[in-house]
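1. this one's sequence-less:
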């Protein structure tokens, strides 16, 4: 399994895809944080209050969708470039391949998420100073949000990898998740909020402590989102065992 | 040693394999022949654990592929469904495979040199010609220094020099006591190199055996003479199978060219040609007799 993980990481390091996605994620995070500070300041929100910090920092997960894309590329990308056959020849026990990709995507998500969160924090502190505020670095909530955003990126990576193993088509995975997260889930949440808060997108908003709505508590949200990833990965493994490569 | 026993495989309503059985012993090159769509690739995919058979077993050295603890070190395979990330270099592709299989990195440079790809190794595989891709696939198959080689249409995309190189490789590997099974729909490729032949058609093995038993003995002697009528009577008198081919040409089976030559000399018939017909023809005859291959003009 160590060899498999090392090979997956080597795969990521030997193409340019990962670098571009990371750049895009950090750029989006920066835009989102800047936008949040400007909007909050214009609305005369107290930036130093707990609500202010949540309003600004919860958007540091905005770029996490790029990790989902990375996860989909890690798994379904192998079908696009027809390298899946090679993987299964090396590792005929396919659950190992699915698991290695899930772990790799989650691990990459932690790195991506930490880098994005770090940039979000640095940028927020800088913007606070510009607006004449001092960023409350001692606020435990700020660190909780950033940890949540990092975990969110990791879990989205796992979701992308798991769904990619199941569906084997990276475009379908990416488009499917975008439609779900940006459109379909909002409709469900609007119609049935009690069910809606348990859905992946809403769980993610709980994880990053989004102040705009009634979301799951952070630990519950983490477990819920991880459960989705694991459930989809298990479904992928069960189907993969019967499926021809 | 490869042993396929009674393997059947349905794709929906279509039976791709209907009880395929054959073996490919170690120390020999076995050619797996069949028209397009006969089931060659499906059989190889079953052997490699990529497709699941509905019935039957496909064993490599007594184990099914998925039970091999380090499959890359036992079996090297090139099949059509393998590709490369176009943005990754050839060397990095091999490094990835080696890493996953726990094969030493030094082996990557060895196989690159072996398939003559060293110069192109650090270029993105997306820019490779088809022949280079084929050689990269072969390099990937050879990484684990396997005892068994399974190659699906390995000559596709190779130029004549590459073909000659591949034939030498296969013969050398078999001479080292390894097992080589390769599929092809091009008869000359098989004929030049295969010690054993398995012919498959519409999901069934229709003939299996040593190459010389299957078609070598059918080698024919071709003679031409202005006096072809006398020649024909002579050959029939000798008890040979004779086919008249045009006004002055005779195809004789069941005799060596030496026997035909001395008989003709004894009868004092002047020949304009005496040749042994290339055995391609007879493998082709065998193939066309046994299979439903379309004949393309």
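-> Looks like it came in fine. All figures in this text were calculated on a predicted structure; none of them were measured in a lab.

2. which helices and strands does the host helix or strand of residue B:99 pack with?
-> If you go by DSSP states H and E, residue B:99 is part of helix B:90-101. Using 3 or more C-beta pairs under 8 Å, 6 or more residues apart in numbering or on different chains; DSSP states H and E, the elements in contact with helix B:90-101 are helix A:2-13, helix A:84-90, helix B:71-74, helix B:106-114, helix B:130-142. (Each C-beta comes from the backbone N, C-alpha and C, glycine too.)

3. Measure how far it is from the centre of its chain, please.
-> The chain centroid and the centroid of helix B:90-101 are separated by 28 Å under C-alpha atoms, centre = their mean, to the nearest Å.

4. Name the nearest residue to residue A:9, ignoring sequence neighbours.
-> residue A:104 (6.3 Å; C-beta to C-beta, 6 or more residues apart in numbering or on different chains).

5. pLDDT at the one you found, what is it?
-> Looking at residue A:104, its pLDDT reads 96.

6. Count the neighbours of it for me.
-> A count of nearby residues for residue A:104, using other C-beta atoms under 10 Å in any protein chain shown, gives 25.

7. Could you check the helix or strand hosting residue B:44 against chain A for contacts?
-> Applying DSSP H and E as the criterion places residue B:44 in helix B:40-47. Yes - for helix B:40-47, a contact with chain A is found by C-beta under 8 Å from any C-beta of the partner chain, at residue B:45.

8. Determine the set of other helices and strands touching whichever helix or strand comes after that helix.
-> Later in the chain than helix B:40-47, the nearest helix or strand by DSSP H and E is strand B:55-60. In terms of contacts (3+ C-beta pairs under 8 Å, 6+ apart), strand B:55-60 is packed against strand B:2-11, strand B:14-24, helix B:40-47.

9. Look at the residue in chain B that chain A sits nearest to and give its secondary structure.
-> In chain B, the residue that lies nearest chain A is residue B:83 (2.9 Å; C-beta to the nearest C-beta). Following DSSP: H, G, I helix; E, B strand; the rest coil, residue B:83 is assigned to coil.

10. Residue B:177 and residue B:25 touch, don't they?
-> No - at 10.2 Å, residue B:177 does not count as touching residue B:25 under the criterion of C-beta atoms under 8 Å.

11. Neighbour count for the two, which is higher?
-> A count of neighbours by other C-beta under 10 Å puts residue B:25 above the other of residue B:177 and residue B:25, at 13 against 10.

12. pretty sure that one is touching residue B:198, no?
-> No - applying C-beta under 8 Å, one finds residue B:25 not in contact with residue B:198, separated by 11.6 Å.

13. so what's residue 174 up against?
-> No chain was given, so I picked chain A. Contacts for residue A:174 (C-beta atoms under 8 Å, 6 or more residues apart in numbering or on different chains) come out as A:68, A:69, A:72, A:160.

14. Chain B is the one I meant
-> Counted by C-beta under 8 Å, 6+ apart, residue B:174 has contacts B:27, B:28, B:29, B:180, B:195.

15. what residues does chain A put near chain B?
-> A:3-4, A:6-7, A:10-11, A:14-17, A:77, A:81-83, A:85-93, A:242, A:244-245.

16. how far away is the residue nearest to the spatial centre of chain A from residue A:146?
-> With distances taken as C-alpha atoms, centre = their mean, the residue of chain A nearest its centroid is residue A:153 (2.7 Å). According to C-beta to C-beta, to the nearest Å, residue A:153 stands 11 Å off from residue A:146.

17. How about the residues of chain B by chain A?
-> B:45, B:48-52, B:65-66, B:68, B:71-72, B:75, B:77, B:79, B:81-89, B:92, B:95-97, B:99-102, B:140.

18. Any chance of a ChimeraX selection covering the buried ones in those?
-> Only the buried entries of those go into this ChimeraX selection, using 16 or more other C-beta atoms under 10 Å in any protein chain shown:
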select /B:45,48,49,50,51,65,68,71,72,75,77,79,82,83,84,85,88,89,92,95,96,97,99,100,101,102,140
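
19. where's residue 234, which helix or strand?
-> Unless you meant another one, I'm taking chain A. Going by DSSP H and E, residue A:234 is in helix A:218-242.

20. look at chain B instead
-> Counting by DSSP H and E, residue B:234 is found in helix B:228-237.

21. for that helix, what is the average pLDDT?
-> Average pLDDT, helix B:228-237: 87.

22. hmm, who's touching that helix?
-> B:223, B:225, B:242, B:244, B:247-250, B:252, B:255, B:260, B:263-264, B:267, B:269, B:271.

23. Filter those residues down to the buried ones.
-> Here, 16+ other C-beta under 10 Å leaves B:223, B:225, B:242, B:248-250, B:252, B:255, B:260, B:263-264, B:269, B:271 buried among the contacts of helix B:228-237.

24. Strands of the stretch 151-297 of chain B, start to end?
-> B:179-184, B:196-201, B:204-210, B:220-224, B:241-244, B:249-253, B:273-276 (DSSP state E, counting those that start in this stretch).

25. ok, of those strands, where does mean pLDDT dip lowest?
-> Minimum mean pLDDT among the strands of the stretch 151-297 of chain B: strand B:241-244, a mean of 77.

26. What are the contacting residues of that strand?
-> B:228, B:232, B:235, B:236, B:250, B:251, B:252, B:253, B:254.

27. between the helix holding residue B:99 and helix B:130-142, how many degrees?
-> 20 degrees (axes from the mean of the first three to the mean of the last three C-alpha atoms, to 10 degrees).

28. Contacts for helix B:90-101 next, please.
-> A:3-4, A:6-7, A:10-11, A:14, A:86-87, A:90-91, B:70, B:72-73, B:84-85, B:88, B:103-105, B:107-108, B:111-112, B:117, B:120-123, B:125, B:128, B:132, B:136, B:139-140, B:143-144.

29. State the mean pLDDT of it.
-> pLDDT averaged over helix B:90-101 gives 95.

30. Ok, stretch A:80-92 next?
-> So the average pLDDT for stretch A:80-92 ends up being 91.

31. May I see the helices and strands packed on helix B:90-101 arranged in JSON lines, with distance to residue B:209 as well?
-> Shown next, in JSON lines, are those (distance: least, C-beta to C-beta, whole Å):
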{"stretch": "helix A:2-13", "distance to residue B:209": "42"}
{"stretch": "helix A:84-90", "distance to residue B:209": "30"}
{"stretch": "helix B:71-74", "distance to residue B:209": "26"}
{"stretch": "helix B:106-114", "distance to residue B:209": "32"}
{"stretch": "helix B:130-142", "distance to residue B:209": "26"}
